[in-house]
Structures are given as structure tokens and as C-alpha cells.
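**Student:** Quick one, structure for this:
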Amino acid sequence: MKTAWTDQIKLEGLVFFSHVGVLPEEKQNGQEFVIDVTFYCRRLAATATDLLAQTIDYGQAYQVIRQIVESARFDLIERLAVRVVLSNESDCQRWTLSSLLGPADGLVPRASHTRAIS
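**Tutor:** Got it, this is the predicted structure:
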């Protein structure tokens, strides 16, 4: 049976500096990433209860994502995306992370990675 994702929460335009990339200049100099994260959730109880504990705490999610991205030293955005997804402590089981690539790679202005957790 296919899962019905009824609620989505988006954090868009998160800007962080990191050293993720394949090219030597990306590794050495780092680059700015603009990250959008979409949480795909089954129906969130907070829509009826108005309780923060029953939804995504945006501030907490931002801090966790920031710590992961700013400390990352990976070649691939896919690995970074999986690290961010695995940090998820909510009932949301599918995330999309997209990133504006830094100046070292002007051929692909935007890339994304989606991971469903089963």
C-alpha cells in the first residue's frame, strides 16, 4: 500500500557555508549553500492540538541542519542530504533537500536529493 503524505513543512532559503564538493577548490575554499528542506509527513497531530511537540520545531530543525552542513566535509551532496535526513527525529519519513551549488560548478545551478526512510 502506498503511503499518503498529507502534510508538508518547508524550510526554504537556509544559507550555510560548507566544504562539500568534488573539485579541489570546493574542498579547500568551501562555498555557500542555499538549502531548501521539505518534510513530507503523515497527518500531523499539531494541526488539531496546536502543540509544538507534535510538529516540526523549525528553530530546532534549523540548528541541527546548520551544524551538519557547516561541519560537513563530503564530496557529494547526496551524502550531505542523507546526513540531514538521518538527523530527523520526527514522524516525517521523507525529506527532499535541494541546494544551490556554489560558484565552482556553474553548469548545474540546482540539485536535489530525496530520501524516504522505511
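
**Student:** quick check: longest helix of this protein.
**Tutor:** Taking DSSP state H as the criterion, the chain has its longest helix at helix 58-71.

**Student:** Would you mark the buried spots in that one?
**Tutor:** Across helix 58-71, burial judged by 16 or more other C-beta atoms under 10 Å covers 61, 65, 68, 69. C-beta here means a position set from N, CA and C on the backbone, and glycine is covered the same way.

**Student:** avg pLDDT for stretch 70-83?
**Tutor:** In this model, stretch 70-83 has a mean pLDDT of 87.

**Student:** can you map out the strands along the protein?
**Tutor:** Secondary structure of the chain (DSSP state E): strands at 7-18, 31-41, 94-100, 110-116.

**Student:** Give me the mean pLDDT for the first one.
**Tutor:** Looking back up the chat, that one is strand 7-18. What strand 7-18 shows for mean pLDDT is 86.

**Student:** before we move on, what about stretch 47-66?
**Tutor:** Across stretch 47-66, pLDDT averages out at 89.

**Student:** Give me the neighbour count for residue 8.
**Tutor:** By other C-beta atoms under 10 Å, the residues close to residue 8 number 13.

**Student:** ok, it to residue 53 distance?
**Tutor:** Note on residue 8: its distance to residue 53, by C-beta to C-beta, to the nearest Å, is 19 Å.

**Student:** what does residue 32 give?
**Tutor:** Between residue 32 and residue 53 the computed distance is 33 Å (C-beta to C-beta).

**Student:** between these two, who's got more neighbours?
**Tutor:** Taking neighbours as other C-beta under 10 Å, residue 32 and residue 53 compare with residue 32 leading, 13 against 8.

**Student:** what's near enough to touch residue 27?
**Tutor:** Counting by C-beta atoms under 8 Å, 6 or more residues apart in numbering, residue 27 makes contact with 19, 21, 73.

**Student:** and those as TSV, adding neighbour count and distance to residue 84?
**Tutor:** Supplementary listing: the contacts of residue 27 in TSV, determined by neighbours: other C-beta atoms under 10 Å; distance: C-beta to C-beta, whole Å:
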residue	neighbour count	distance to residue 84
19	15	16
21	23	16
73	11	15
